[in-house]
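Asker: Give me a 3D structure for the following:
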Amino acid sequence: MLKWAFVFLIIAVIAGIFGFTDVEAASATIAQWLFGIFLVLFLGALVVGLTIGAKLTS
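Answerer: All right, here's what the predicted structure looks like:
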């Protein structure tokens with residue numbers, strides 16, 4: 001998912017350089033959404049992992 005966020009970020013940058021503002025705005029929005037979803041899932045997995053790890057060591 002993070003890979004796709006970077007792909008859309010690169011597309012947004014390239015489209016912005018060439019002046020395709022609609023494509024740039026859409027790609028940037030998709031990249032932001034994908035990065036947000038990745039961040040939420042990563043933090044959720046981190047909390048679950050730390051909780052399970054704490055229970056295993058005690």
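
Asker: Spit out the contact partners of the residue most central in space within the chain.
Answerer: When CA atoms, centre = their mean is applied to the chain, the residue found nearest the centroid is residue 35 (1.5 Å). Contact analysis of residue 35 by CB atoms under 8 Å, 6 or more residues apart in numbering lists 2, 5. Where you see a C-beta, it was placed from the backbone N, CA and C, and this is true even at glycine.

Asker: Now it, what are its backbone angles?
Answerer: Main-chain dihedrals, residue 35, degrees, to the nearest 10: phi -70, psi -40.

Asker: out of everything not next to it in sequence, what's closest to residue 11?
Answerer: If you skip the residues right next to it in sequence, residue 11 has residue 27 as its closest partner in space, 4.4 Å away by CB to CB, 6 or more residues apart in numbering.

Asker: Can you say which helix or strand has that neighbour in it?
Answerer: Using DSSP states H and E, the element containing residue 27 is helix 21-57.

Asker: If you count neighbours, what's buried in that helix?
Answerer: Under the neighbour-count criterion of 16 or more other CB atoms under 10 Å, helix 21-57 has 24, 27, 28, 30, 31, 34, 35 buried.
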